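Engineer: pasting the structure only:
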């Protein structure tokens, strides 16, 4: 198994940003530049077709460091960001584009692609977490949370179900296919589930079914007006409060 | 119209508590004992069959003062707490008890009673708010929010729809009868709606219909596991965050 290699380091306004890689998985860490207390580690997944260094992701990570003292880690999912796409992934992405243009059902294609990506991404995240816990400013004592929407949820649900180090998780904007529901039933840690109430691509009923499936006694559903592409900015503060309460 | 009369005053651990009355309406105010900044006023409604000085209400009010610097005002609803019940209210309460014991539908009886109580309570709250705004430590500049579950929602929805001084509101645990839905449609300020996901007396579908009806562009639904009688303690912090964001 590959070790974590730090590539670059930059500090800005209280945030230390470090790019790293573990084998062929590229990642970024955002942490307090001047840590005063033990930190909390948030693993941050990105959405389908996006990547770890999207401006919105960077803003969210930097705000989590500055406002809450969290350390945030993000990696590119297989076939995303700086990583090559497999021929099968290319076919799925083309099929999604075709369905979108022709108003055909997206859910089955996205479910298949996300399930395949999650099967590859879960062991990657677990190995990256092993490596992050070797860093002196994180260690094995820092509580670990996971946060991710859409593809970040498709990966995060089986990851949270399978890795007992993750003790609270935020999800949102997923599809409710069988393997995802099965993994959701095995989650017992606190969950914060975000639902975009008027999303034309993700019917809210699928979100309510997923909420019902999650095995945790302590789970919270939060719905807001609009689509998964326009989450109100103040939602992020509720997620941070959720992590402060549970980590 | 009657003026506000202050009856007693006690300070404890940073909270100044004052009992007051406006005509035959008894109320309590909880405020920072040593105010350092302009305050935010939260009008707090109580649940059906309960009253303003329930231990859980007092704890919630005191915490809002200490943790967030809010000023909290609560009055007894008609026929509740220190106030006499009308013969009609007695009949409704007896009918609710009977239906509960015999497993008969509660919603229609509670809807009728709550509608009648709200018709009386809304002008009372508005007059009490006029009077509270005369107090030097509140004034007309303090932003005003409303928070209340069950009966507190049955009263709070038409109150918020009819009084433009209320600029954000938290509701939960209601029944979705016609006049309540009609008032909800006229609400345009930010709303935080709490849903008890497994409540045997209040089906969650009624909550989802009410959420759809609320006229605000900025509304948030928050569901938790359990019943409306056992709201997780950490829910209150999300409501406080909602008020800090919107008031």
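Structural biologist: That came in fine, so what should we check first? Bear in mind that the values here come from a model prediction, so they are computed numbers and not experimental data. Numbering: from 1, shown residues only, chains lettered A, B, ... in the order given.
Engineer: now do the helix or strand harbouring residue A:210: distance to the chain's middle.
Structural biologist: Secondary structure from DSSP states H and E places residue A:210 in helix A:204-213. Mean-position distance between helix A:204-213 and its chain equals 18 Å (Cα atoms, centre = their mean, to the nearest Å).
Engineer: what is it packed up against?
Structural biologist: With contacts taken as 3 or more Cβ pairs under 8 Å, 6 or more residues apart in numbering or on different chains; DSSP states H and E, helix A:204-213 sits against helix A:178-185, strand A:191-196, strand A:219-224. Heads up, the C-betas are built off the backbone N, CA and C, glycines and all.
Engineer: need phi/psi at the residue sitting furthest away from the middle of chain A.
Structural biologist: The outermost residue of chain A, judged against the average C-alpha position, is residue A:102 (29.1 Å), by Cα atoms, centre = their mean. The phi and psi values for residue A:102, taken as degrees, to the nearest 10, are phi -100, psi 10.
Engineer: in stretch A:200-210, what counts as buried?
Structural biologist: Of all the residues in stretch A:200-210, those buried under the rule 16 or more other Cβ atoms under 10 Å in any protein chain shown are A:201-202, A:206-208, A:210.
Engineer: JSON lines please, covering the residues you listed and showing pLDDT.
Structural biologist: JSON lines is the format used below for these (pLDDT from 0 to 100):
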{"residue": "A:201", "pLDDT": "79"}
{"residue": "A:202", "pLDDT": "81"}
{"residue": "A:206", "pLDDT": "89"}
{"residue": "A:207", "pLDDT": "89"}
{"residue": "A:208", "pLDDT": "91"}
{"residue": "A:210", "pLDDT": "94"}
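Engineer: residue A:51 versus residue A:152, what's the distance?
Structural biologist: Distance, residue A:152 to residue A:51, by Cβ to Cβ, to the nearest Å: 11 Å.
Engineer: in terms of neighbours, single out the busier of the two.
Structural biologist: residue A:152 (29 against 17; other Cβ atoms under 10 Å in any protein chain shown).
Engineer: ok, back up a step: quick one: contacts of the helix holding residue A:210?
Structural biologist: A:107, A:171-172, A:174-176, A:180-181, A:184-185, A:193, A:195-197, A:219, A:221, A:223, B:197, B:223 (Cβ atoms under 8 Å, 6 or more residues apart in numbering or on different chains).
Engineer: get me the contact residues on chain A for chain B.
Structural biologist: Along chain A, the residues adjacent to chain B under the rule Cβ under 8 Å from any Cβ of the partner chain are A:195, A:197, A:211, A:216-225, A:232, A:234-235, A:237-238, A:241, A:245.
Engineer: from those residues, list the buried ones, please.
Structural biologist: Among those, the ones that count as buried (16+ other Cβ under 10 Å) are A:195, A:197, A:211, A:216, A:218-225, A:232, A:234-235, A:237-238, A:241, A:245.
Engineer: helices and strands around the helix ranked longest in chain A, which ones?
Structural biologist: With DSSP state H setting the assignment, residue counts place helix A:107-132 as the longest helix in chain A. Applying 3+ Cβ pairs under 8 Å, 6+ apart, we find helix A:107-132 packed against strand A:4-12, strand A:15-22, strand A:25-32, strand A:41-44, strand A:71-75, helix A:87-101, helix A:151-162, helix A:178-185.
Engineer: can you say which of those is nearest to residue B:97?
Structural biologist: Closest of these to residue B:97 is helix A:178-185, at 39.1 Å (criterion: Cβ to Cβ).
Engineer: how close does residue A:160 get to residue A:90?
Structural biologist: Distance from residue A:160 to residue A:90, by Cβ to Cβ: 29 Å.
Engineer: check contacts around residue A:50.
Structural biologist: Taking Cβ under 8 Å, 6+ apart as the contact definition, residue A:50 lies against A:57, A:80-81, A:151.
Engineer: just put the helices and strands packed on helix A:107-132 in JSON lines and tack on mean pLDDT.
Structural biologist: Converted to JSON lines, the helices and strands packed on helix A:107-132 look like this (pLDDT from 0 to 100):
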{"stretch": "strand A:4-12", "mean pLDDT": "93"}
{"stretch": "strand A:15-22", "mean pLDDT": "96"}
{"stretch": "strand A:25-32", "mean pLDDT": "97"}
{"stretch": "strand A:41-44", "mean pLDDT": "98"}
{"stretch": "strand A:71-75", "mean pLDDT": "98"}
{"stretch": "helix A:87-101", "mean pLDDT": "93"}
{"stretch": "helix A:151-162", "mean pLDDT": "97"}
{"stretch": "helix A:178-185", "mean pLDDT": "95"}
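Engineer: in TSV: these, plus distance to residue B:33.
Structural biologist: Below are those laid out as TSV (distance: least, Cβ to Cβ, whole Å):
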stretch	distance to residue B:33
strand A:4-12	41
strand A:15-22	38
strand A:25-32	35
strand A:41-44	38
strand A:71-75	38
helix A:87-101	59
helix A:151-162	44
helix A:178-185	47
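Engineer: which among these is found nearest to residue A:126?
Structural biologist: Nearest of those to residue A:126, taken as Cβ to Cβ: helix A:151-162 at 7.2 Å.
Engineer: for the closest one, buried residues please.
Structural biologist: A:151-161.
Engineer: could you list every helix and strand in contact with that helix?
Structural biologist: So helix A:151-162, by 3+ Cβ pairs under 8 Å, 6+ apart, packs with strand A:41-44, helix A:107-132, strand A:144-149, strand A:166-172, helix A:178-185.
Engineer: so how far is it off the chain centroid?
Structural biologist: Mean-position distance between helix A:151-162 and its chain equals 8 Å (Cα atoms, centre = their mean).
Engineer: and what of stretch A:225-242?
Structural biologist: With Cα atoms, centre = their mean, you get 14 Å for stretch A:225-242.
Engineer: now the end-to-end length of that stretch.
Structural biologist: 20 Å (Cα to Cα, to the nearest Å).
Engineer: show me the contact partners of that stretch.
Structural biologist: Under the criterion Cβ under 8 Å, 6+ apart, residues A:60, A:63-64, A:67-68, A:70, A:147, A:149-150, A:168, A:170, A:172-173, A:190, A:192, A:194, A:196-202, A:220, A:222, A:224, B:216-220, B:237-238, B:241, B:245 lie in contact with stretch A:225-242.
Engineer: same question, stretch A:75-83
Structural biologist: A:22, A:24-27, A:45-46, A:49-53, A:85-86, A:89, A:117, A:120-121, A:124-125, A:128, A:151, A:155.
Engineer: of those, grab the buried ones for PyMOL.
Structural biologist: Remark: buried members of the contacts of stretch A:75-83, expressed as a PyMOL selection using 16+ other Cβ under 10 Å:
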select buried, chain A and resi 22+25+26+27+45+46+50+51+52+53+89+117+121+124+125+128+151+155
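Engineer: what sits against residue A:117?
Structural biologist: A:77-79, A:89, A:151, A:154-155.
Engineer: repeat the analysis, applying 6 Å as the threshold.
Structural biologist: Counting by Cβ atoms under 6 Å, 6 or more residues apart in numbering or on different chains, residue A:117 makes contact with A:77-78.
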